[in-house]
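Asks: got a structure for you, letters missing:
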């Protein structure tokens, strides 16, 4: 029986691996940049990076393939048999069977693949900011929005394993185009890309005079400028963060209506803005959810493990499914 | 052990009771109009109607309170302890504890209350158009849109019992006002009220010249006129049905992204339009759902029990929970 697991989180920009023991303690970690190689078969480059990272972490800790189980979190629609069917924000890996590619590189590896936000949900539910909340949703705000649903204490996987693709819930049917092919997906508004878009809109509409003058033009205002200026207390930037918080709350309210989840854990790269964004979302949600004042309060909290949620959850799932 | 159950479905316009045996056969049924009495305590009028209906069905079949279990389906947010917390389309019953009121009228009655669409989902999943589909959603199209979610073969109830309020998922954030207080809820587009609104829009925009002239004015075109004219093959009416089908598919696509359900059963009062509406929704959903052509097909079918789904499901739940 493996006493340690390696969890790997493959993101749009970086790949993070953690070595976890059964108590949930991170013993080691390592990160590299995500390869984006359009001319190679889908996922091969990703498989090699994961393979190298696992080998590096294992050998540094004097472990062989037989000693560890490996869990890998990937962004997009993961089928139950391990194929990354569709990944709007990591197109070069769409269609890849990463588990098969990893086994081709090392026939002894015991590995599973799961959606990255599903992994994060498991980490936060079992050990983090969602402990004790049997009906919760993990929301990862990065380039897009990922989701992992815990329903009645279990990860909700759906018919084929695709459940939790909450970022592609349409909230503005006539809204902006999304790389997935639809219009007005939630992640066009409440993700990193959403902050950038809403900031650009505000700048063009003359609602960011100070920032536009500081940045030297309305087209030069980036989402980091907004979050930094808001953190410094600039009113016009706070207004944009409040608008993003409203859109975040709108999607959470939809999920609460559908799933009756009462707790949301927010993680992902946008979480540096979370000290301002989450209170805004918490403030707006009561007026947006059906039956708002009549239902018990819904809580919106920051993730406990931050950028490590996905990798830690992938390792926990590897324990659960490969070495119970 | 009760060998028969009475299921009652309390709708916005009528109350239907069925007497069901354990094989799922309807032995008897009866219906009355829903009382709308604003000046009486919430739910008392509804409780009396349900009580009278149960008594009438029971006595006609020589049954006493001890012989039957009773399940009641109600439209709106039902808490696990039987309170109808919020009912946008049946405001006079909001806040009512119908089970308690029924027990006050007959201390011997064994009764449970559940959301009406949840009841319908159970009926269709166990005996109807959803048999064998462990990840399905029942969608009832009436004045509003109700929902019942079957996930992994179980009714998904959520933290407090409110799950499945899919009609109040916002799909057009800047859209028309909804009685629930929000804007652009799905049921503003794909319900009976939605057909009426989209028809009015089309009439005003000059896209229904034949119907407007037949009805004697654009403000006189009702949703029945649209469905009848579409059934008769009138192109301009078929266009409106196609538009409603597009909105229906949009919400289904959202649910499929979130839940990865692969089967939708459509019921409710709007189902007379279903021979035209459902094919339209089926046609649009592949282009609206994330990863459309890459994921296994999603099926959209008409309910098997039609207007009886809710009452039959309420009876099945009464068997399950009160006389297992």
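Replies: Ah, there it is. Note that this is a predicted model, so its numbers are computed, not measured. Numbering: from 1, shown residues only, chains lettered A, B, ... in the order given.

Asks: Could you use CA atoms for every contact and neighbour count after this?
Replies: OK.

Asks: In contact with residue A:289, which residues?
Replies: Neighbouring residues of residue A:289 by CA atoms under 8 Å, 6 or more residues apart in numbering or on different chains: A:250, A:253, A:254, A:256, A:257, B:182.

Asks: and if we set it to 6 Å?
Replies: When contacts are counted by CA atoms under 6 Å, 6 or more residues apart in numbering or on different chains, residue A:289 touches residue A:253.

Asks: Could I get the phi/psi values of it?
Replies: phi -80, psi 140 (degrees, to the nearest 10).

Asks: And the one 10 residues further on, by the same measure?
Replies: The phi/psi pair for residue A:299 (degrees, to the nearest 10) reads phi -100, psi 140.

Asks: pretty sure it is touching residue A:263, no?
Replies: Yes - if you go by CA atoms under 6 Å, residue A:299 and residue A:263 touch, sitting 4.9 Å apart.

Asks: Strands of the stretch 1-150 of chain A, start to end?
Replies: A:4-10, A:14-21, A:26-33, A:68-74, A:77-78, A:84-86, A:111-115, A:136-141, A:145-151 (DSSP state E, counting those that start in this stretch).

Asks: now the ones you listed as TSV including distance to residue A:164 and mean neighbour count?
Replies: Below are these laid out as TSV (distance: least, CA to CA, whole Å; neighbours: other CA atoms under 10 Å in any protein chain shown):
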stretch	distance to residue A:164	mean neighbour count
strand A:4-10	17	30
strand A:14-21	21	22
strand A:26-33	26	15
strand A:68-74	13	28
strand A:77-78	9	29
strand A:84-86	13	23
strand A:111-115	9	27
strand A:136-141	9	30
strand A:145-151	5	27
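
Asks: Tell me which of these approaches chain B most closely.
Replies: strand A:84-86 (5.8 Å; CA to the nearest CA).

Asks: Give the rounded mean pLDDT of that closest one.
Replies: Strand A:84-86 carries an average pLDDT of 90.

Asks: Kindly reformat the strands of the stretch 1-150 of chain A as CSV containing distance to chain B.
Replies: Formatted as CSV, these follow (distance: least, CA to the nearest CA, whole Å):
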stretch, distance to chain B
strand A:4-10, 20
strand A:14-21, 24
strand A:26-33, 26
strand A:68-74, 16
strand A:77-78, 8
strand A:84-86, 6
strand A:111-115, 13
strand A:136-141, 9
strand A:145-151, 7
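
Asks: Quote the end-to-end distance of stretch A:153-162.
Replies: End-to-end distance of stretch A:153-162: 18 Å, with CA to CA, to the nearest Å as the criterion.

Asks: any idea how far it is from the chain center?
Replies: Offset of stretch A:153-162 from its chain centre (CA atoms, centre = their mean, to the nearest Å): 16 Å.

Asks: Tell me the pLDDT of the closest residue to residue A:157 other than its chain neighbours.
Replies: Spatial nearest neighbour of residue A:157, chain neighbours left out: residue A:163 (5.0 Å); criterion: CA to CA, 6 or more residues apart in numbering or on different chains. Looking at residue A:163, its pLDDT stands at 97.

Asks: Need phi/psi at residue A:163.
Replies: phi -60, psi 150.

Asks: Relative to residue A:300, how far out is it?
Replies: Distance from residue A:163 to residue A:300, by CA to CA: 21 Å.

Asks: between these two, who's got more neighbours?
Replies: More neighbours surround residue A:163 than the other of residue A:163 and residue A:300, with 26 against 22 (other CA atoms under 10 Å in any protein chain shown).

Asks: what does the stretch 51-200 of chain A have sitting close to chain B?
Replies: When proximity is defined as CA under 6 Å from any CA of the partner chain, the stretch 51-200 of chain A approaches chain B at A:86, A:135, A:158-159, A:162-166, A:169-173.
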